[in-house]
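Student: Following is a predicted model, sequence given first.
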2 protein chains.
Amino acid sequence: MTQKLVMALPKGRILAEVLPLLARAGIEPEPEFANEDSRQLRFATNHPGLDLIRVRNFDVATFVAFGAAQLGVAGNDVLMEFDYPEIYAPLDLEIGRCRLSVAARRDLAEEDSSRLSYVRVATKYPEITRRHFAQHGIQAEVIKLNGAMELAPVLGLSPRIVDLVQTGATLAANGLVEIERIAEVTSRLIVNRPALKTRPDEVGAWIDRLREVVHAR
Amino acid sequence: MTQKLVMALPKGRILAEVLPLLARAGIEPEPEFANEDSRQLRFATNHPGLDLIRVRNFDVATFVAFGAAQLGVAGNDVLMEFDYPEIYAPLDLEIGRCRLSVAARRDLAEEDSSRLSYVRVATKYPEITRRHFAQHGIQAEVIKLNGAMELAPVLGLSPRIVDLVQTGATLAANGLVEIERIAEVTSRLIVNRPALKTRPDEVGAWIDRLREVVHAR
C-alpha cells in the first residue's frame, strides 16, 4: 500500500485564506478540521491519498524539510529563517500578504542608523535579523521572542524589533514606526524535494492543480 | 517618578489558575485583560504601581531575565530550558502541575534504551533534551517543534518526543506511551535579581504577599 501524502497547513490567520484555495483545487477536509479546539492532529480529506495536519507556521517548514509531510504552505519569512535545502517552493499562493520589517520607537526612527556598529533587536527571526544587520556592517544582539514583539521597545527590552507588519496599526498603537522593509511576504506551496523525486506523479499533480487555481484568479 | 513594576503572566492554560491566586493577593487586572483577543499588550491593575503583561510562557522568562518585567510566573520547565542566572524563583505557586517526560511509540517503549548511543527526538525543549540524554551517555539529535509534538512519531519525524504531560490522554490517543519522567513541573513566581536588589521593598512585598496566599491554601 502506498503511504498517504501529508500536507502541513499553518494554524491561525493564514488558514482562513488557504482553505478557499484548497476548496477550488478540489480538496475538502473532514468536518472536524473546522473545529479549532479539536484534539485531533491529523485529518482526512475527500481524497483517500491525502491527509492534512495543522501546525504552527514554523513547524510546517520543519515537517516538510524532514519529509514527515510531503507538501505544505509556508510564508517566505519562515523559509528565509530556516533556509532548509530539502524544501522546494515552486508556487507563490499570493495569500497572507505582509512584510517583514525593522521597527523602532518613534524617537529612534530619525537616528542615523548607518553610524551604528551594534544594535539589540527582539524578534521571532534570529537568523534573518543577524544576516540583515550584518549586511549593513552592524552586529545585532538578538533577543528571541515568540510573540508580542511590540512590548520589547515599550518595556525597554530592546529599542528595535524585526516583525511581520500588515497594516502597521499595532506598531502605531505602541508608539513604533516601521523604519526598513526586509522582505515582502506571501505564502508559498512548499514540497519536500526527495518526495518530489520518489513520488513525482502524485506530488507533481498537486503542484499543477494548485498552480491552475492560483493563476485562474 | 518611580517606574511601575511589571509582572509577566503566561497566556493560555496556566493563566486561568494564576488569576484567582492574584485575586487572593489583592491584584485585580483592568477589565480589558479578560478579553483574550485584545490587541492591548500591557494592562493596569488596581495597584497604581503594578502593571501586567500577557505573553507566551517562554517569553515570560525572557522579559524577566532582561529586567523588562520585574516579576513573572513561569514553569520550572521553562526555567530549566533557559537557565538564566538573572532569574530568581523564590516561590512555588503550586499551580499548573504536570510533568516533563520522554514519550515514544508503543512499539519502541519496550526497547532497552540503555543500549542506544544515538536518538532523534522532537521537542520544544532542545536544551533540556540534550542534557537529559547526555546524562545517559546518549547523543540526541533534537528537532525543535513549537507544538503538536505528538505528530512527530505518528508521521515518522522522530520515534521519541520530550513534552509536557498532564493526564497522558493526548499521548494515548496518538499511540504513544510515557517512558521516562524528566521533571515534575509547577509554576513559580520568578523575579529579576537586579530588580530585587535595587527595589527590595516593592518586589519583596509582592513575594511575601504571594507566599502568604499560597501557604494559606
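Tutor: Nice, thanks for sending it over.
Student: Residue numbers of chain A in contact with chain B?
Tutor: Residues of chain A lying close to chain B by CB under 8 Å from any CB of the partner chain are A:6, A:11, A:39, A:41-42, A:53-56, A:58-59, A:62-63, A:66-69, A:143-148, A:150-152, A:154-157, A:170, A:173-174. Glycine gets a C-beta too; all of them are placed from N, C-alpha and C.
Student: and the residues you listed, which of them are in helices?
Tutor: A:58, A:59, A:62, A:63, A:151, A:152, A:154, A:170, A:173 (DSSP state H).
Student: tell me the contacts of the third one?
Tutor: Taking CB atoms under 8 Å, 6 or more residues apart in numbering or on different chains as the criterion, residue A:62 is in contact with A:82, B:143, B:144, B:145, B:157.
Student: Select only the buried ones of those in PyMOL?
Tutor: To isolate the buried members of those in PyMOL, using 16 or more other CB atoms under 10 Å in any protein chain shown:
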select buried, chain B and resi 143+145+157
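Student: want to throw the contacts of residue A:62 into JSON lines with distance to residue B:97?
Tutor: Shown next, in JSON lines, are those (distance: CB to CB, whole Å):
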{"residue": "A:82", "distance to residue B:97": "34"}
{"residue": "B:143", "distance to residue B:97": "27"}
{"residue": "B:144", "distance to residue B:97": "25"}
{"residue": "B:145", "distance to residue B:97": "23"}
{"residue": "B:157", "distance to residue B:97": "29"}
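Student: just the contacts of residue A:62 now: which is nearest residue B:198?
Tutor: residue B:144 (35.4 Å; CB to CB).
Student: So what sits opposite the closest one in the bridge?
Tutor: residue B:123 (DSSP bridges).
Student: now the contacts of residue A:62 as CSV including pLDDT and distance to residue B:78?
Tutor: Output for the contacts of residue A:62, formatted as CSV (pLDDT from 0 to 100; distance: CB to CB, whole Å):
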residue, pLDDT, distance to residue B:78
A:82, 96, 23
B:143, 98, 19
B:144, 97, 15
B:145, 98, 16
B:157, 96, 23
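Student: Return the residues in contact with the closest residue in space to residue A:174 that isn't next to it in sequence.
Tutor: Distances taken as CB to CB, 6 or more residues apart in numbering or on different chains place residue A:150 nearest to residue A:174, at 4.2 Å, with adjacent residues excluded. If you count contacts by CB under 8 Å, 6+ apart, residue A:150 has them with A:161, A:163, A:170, A:171, A:173, A:174, A:176, B:41.
Student: Quick check: the second one touching residue A:149?
Tutor: Yes: assessed by CB atoms under 8 Å, residue A:163 is found in contact with residue A:149 at 4.4 Å.
Student: before we move on, back to that, ok, the residue nearest to residue A:174 to residue A:124 distance?
Tutor: Here residue A:150 is placed at a distance of 12 Å from residue A:124 (CB to CB, to the nearest Å).
Student: got the CA coordinates for stretch A:169-188 in CSV?
Tutor: Provided in CSV are the C-alpha atoms of stretch A:169-188 (Å, rounded to 0.1, in the frame of the first residue of the first chain):
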residue,chain,number,x,y,z
ALA,A,169,-1.8,49.6,13.2
THR,A,170,-0.3,47.5,16.1
LEU,A,171,3.0,49.3,15.7
ALA,A,172,1.3,52.7,15.8
ALA,A,173,-0.7,51.7,18.8
ASN,A,174,2.5,51.0,20.6
GLY,A,175,4.4,54.2,19.6
LEU,A,176,6.5,52.4,17.0
VAL,A,177,7.3,53.1,13.4
GLU,A,178,8.4,50.9,10.5
ILE,A,179,11.9,52.0,9.6
GLU,A,180,13.0,49.4,7.0
ARG,A,181,11.5,46.6,5.0
ILE,A,182,13.5,43.4,4.9
ALA,A,183,11.2,41.4,2.7
GLU,A,184,7.7,41.2,1.1
VAL,A,185,6.0,38.1,2.4
THR,A,186,3.4,35.8,0.9
SER,A,187,2.6,32.2,1.5
ARG,A,188,4.1,29.5,-0.8
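Student: What degree of burial does residue A:25 show, as a neighbour count?
Tutor: 16 (other CB atoms under 10 Å in any protein chain shown).
Student: Could you pull up phi and psi at it?
Tutor: Reported as degrees, to the nearest 10, the phi and psi values for residue A:25 are phi -90, psi 0.
Student: cool, residue A:56 as well?
Tutor: phi -60, psi 150.
Student: on that earlier part again, could you name every residue contacting both of residue A:163 and residue A:149?
Tutor: Between them, residue A:163 and residue A:149 share the contacting residues A:123, A:124, judged by CB under 8 Å, 6+ apart.
Student: one step back: quick one: buried ones out of the residues of chain A next to chain B?
Tutor: Buried subset of the residues of chain A next to chain B (neighbour count, 16+ other CB under 10 Å): A:6, A:41-42, A:53-56, A:58-59, A:62-63, A:66-69, A:143, A:145, A:148, A:150-152, A:154-155, A:157, A:170, A:174.
Student: low-confidence ranges in chain A?
Tutor: A:1, A:112-114 (pLDDT under 70).
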